[in-house]
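S.K.: fold the following for me, if possible:
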Amino acid sequence: MNPYILALLFLGLLLGTAITATSSHWLLAWMGLEINTLAIIPLMAQHHHPRAIEATTKYFLTQATAAATLLFASVTNAWLTGQWDIQLMTHPIPTTMIIIALSLKLGLAPLHTWLPEVLQGLDLFTGLVLSTWQKLAPFVLLTQIPAANQQMLIVLGLASTLVGGWGGLNQTQLRKILAYSSIAHLGWMIIVLQFAPSLTLLALATYLVMTSSAFLTLKFNNSTNINTLATSWAKAPLLVTAAPLLLLSLGGLPPMTGFMPKWLILQELTKQHLPMTATFAALTALLSLYFYLRLSYAMTLTISPNNIAASTPWRLPTTQSSLPLTLCILLTILLLPLAPAATAVMNFYGL
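M.R.: All right, here's what the predicted structure looks like:
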């Protein structure tokens, strides 16, 4: 793709997210979401492959449905209450409709079925943008909606953690596994949203770093299914050494960064007298941990048959930039000691 067009599309992504994040009016927020969608559509379809076109069409139809529902809900709220402000959503019917629309945009269960299919049809870089940047604008809107339906958000969150763990168990395609991983992480963020929005933002920030590490690792190795992971040792031995720590961080095991948001979210749910919710969420995390361990095993403890020429590509120079991948892996593995500092900052600012 022409670099000028590529820069224009990324500018559109940035502009759409900025408009949504800074707006207090539902029409402006809807406009930002639409700019976001229209900017990523050419990125998704740039390879002119039937699978990419199919994924782009599915994504467009899903996002158009969610945007139409959000616009209808905001108009309904203005008709019922006379208010267009995001923070003045007082009527339960349009509030529920908007939560459903944003859940569809994010890919929360049970509105998740489009996400694995769309992600499977994209290249790894566009999948990275879809899994990270495209989550920001809907989450900004969710954190601004007051008096949200508490039971509904808890049900959406628990369903997402369960579906995200269960759906990834029998997958062999890495992009689908990362899609279900995304659904599970989104569930953790939604569960605690109405109790501590700051924890949702902390979990979102750690999710962005960890998912970026996973996608960049797969892109560096050019791996799209589990079988190709067995040849990773011949391409980047040091990366294969760090990959299990990255995957275990995604699973939420201490002492990696991924343990921090899960630990704080479970603590907050216990404070809110929701021990069964916290227990169920912790148990569903074990499902996700299983397929992360499966990926670690395939990447580090299995070796595919190789001839001499195929077993020495690590000696050859690569044109890929390893700096973003290195920074993301370091942040994914080493940020847990900063958990007390993060909680202190949130308490200081009253978040």
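
S.K.: and the helices in the stretch 251-351 of the chain?
M.R.: 259-271, 275-300, 323-334, 339-348 (DSSP state H, counting those that start in this stretch).

S.K.: low-scoring stretches of the stretch 201-350 of the chain, by residue?
M.R.: 304-319, 349-350 (pLDDT under 70).

S.K.: still on that earlier bit, with distance to Met152 added, can I get the helices of the stretch 251-351 of the chain in TSV?
M.R.: All C-beta atoms are positioned from the backbone trio N, CA, C, and that covers glycine. Shown next, in TSV, are the helices of the stretch 251-351 of the chain (distance: least, CB to CB, whole Å):
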stretch	distance to Met152
helix 259-271	16
helix 275-300	13
helix 323-334	32
helix 339-348	25
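
S.K.: for Leu108, find the nearest of those helices.
M.R.: helix 275-300 (13.9 Å; CB to CB).

S.K.: buried set for that closest one?
M.R.: Residues of helix 275-300 classed as buried: 277-278, 280-281, 284-285, 287-289, 291-292, 294-296, 298-300 (neighbour count, 16 or more other CB atoms under 10 Å).

S.K.: next SSE after the host helix or strand of Thr200?
M.R.: Assigned by DSSP states H and E, Thr200 belongs to helix 197-221. Sequence order places helix 226-229 as the next helix or strand after helix 197-221, per DSSP H and E.

S.K.: by contact count, what packs against that next one?
M.R.: Counting contacts by 3 or more CB pairs under 8 Å, 6 or more residues apart in numbering; DSSP states H and E, helix 226-229 is packed against helix 275-300.

S.K.: could you rerun that using 10 Å?
M.R.: helix 174-191, helix 197-221, helix 275-300 (3 or more CB pairs under 10 Å, 6 or more residues apart in numbering; DSSP states H and E).

S.K.: save the ones you listed as CSV, and put in distance to Leu335 too.
M.R.: As requested, the helices and strands packed on helix 226-229 are exported to CSV (distance: least, CB to CB, whole Å):
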stretch, distance to Leu335
helix 174-191, 16
helix 197-221, 7
helix 275-300, 18
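
S.K.: please parse the protein into its domains.
M.R.: Annotated domains of the chain cover 1-148, 157-305+321-351 [automatic domain parsing].

S.K.: can you tell me how far the spatially closest residue to Ala184 that is not a sequence neighbour is from Leu335?
M.R.: Distances taken as CB to CB, 6 or more residues apart in numbering place Gly164 nearest to Ala184, at 2.6 Å, with adjacent residues excluded. Using CB to CB, to the nearest Å, we find Gly164 at a distance of 22 Å from Leu335.

S.K.: and these two? Which one has more around it.
M.R.: Neighbours per residue (other CB atoms under 10 Å) separate Gly164 from Leu335, with Gly164 holding more: 28 against 21.

S.K.: need the contact list for that one.
M.R.: Applying CB atoms under 10 Å, 6 or more residues apart in numbering to Gly164 gives the contacts 107-109, 112, 115, 179-188, 284-285, 287-288.

S.K.: again, 7 Å this time
M.R.: 180-181, 183-184, 187, 288 (CB atoms under 7 Å, 6 or more residues apart in numbering).

S.K.: let me know the closest of those residues to Ser213.
M.R.: Set against Ser213, the nearest of those by CB to CB is Ser181 (12.0 Å).

S.K.: pretty sure that closest one sits against Leu250.
M.R.: Yes - using CB atoms under 7 Å, Ser181 is in contact with Leu250, at 6.3 Å.

S.K.: tell me the pLDDT of Leu351.
M.R.: pLDDT for Leu351: 57.

S.K.: Thr22 is nearest to which of the helices and strands packed on helix 226-229?
M.R.: Closest among these, using CB to CB: helix 197-221, at 16.0 Å.

S.K.: alpha carbons of stretch 232-240, as PDB, please.
M.R.: Extracted C-alpha coordinates of stretch 232-240, given in PDB (Å, rounded to 0.1, in the frame of the first residue of the first chain):
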ATOM      1  CA  SER A 232      10.600 -20.900  15.900                       C
ATOM      2  CA  TRP A 233      13.800 -22.000  17.700                       C
ATOM      3  CA  ALA A 234      15.600 -22.000  14.300                       C
ATOM      4  CA  LYS A 235      14.600 -18.400  13.600                       C
ATOM      5  CA  ALA A 236      15.000 -16.600  17.000                       C
ATOM      6  CA  PRO A 237      16.400 -18.700  19.900                       C
ATOM      7  CA  LEU A 238      16.300 -15.800  22.300                       C
ATOM      8  CA  LEU A 239      12.700 -15.000  21.500                       C
ATOM      9  CA  VAL A 240      11.700 -18.600  22.000                       C
END
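
S.K.: buried stuff in it?
M.R.: For stretch 232-240, by 16+ other CB under 10 Å, it's 232-236, 239-240.

S.K.: do the same with stretch 90-104
M.R.: Buried, per 16+ other CB under 10 Å, within stretch 90-104: 91, 94-95, 97-104.

S.K.: mind putting those residues in a markdown table, secondary structure and pLDDT included?
M.R.: Formatted as a markdown table, those follow (DSSP: H, G, I helix; E, B strand; the rest coil; pLDDT from 0 to 100):
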| residue | secondary structure | pLDDT |
| --- | --- | --- |
| His91 | coil | 85 |
| Pro94 | helix | 89 |
| Thr95 | helix | 89 |
| Met97 | helix | 92 |
| Ile98 | helix | 92 |
| Ile99 | helix | 92 |
| Ile100 | helix | 93 |
| Ala101 | helix | 93 |
| Leu102 | helix | 93 |
| Ser103 | helix | 93 |
| Leu104 | helix | 94 |
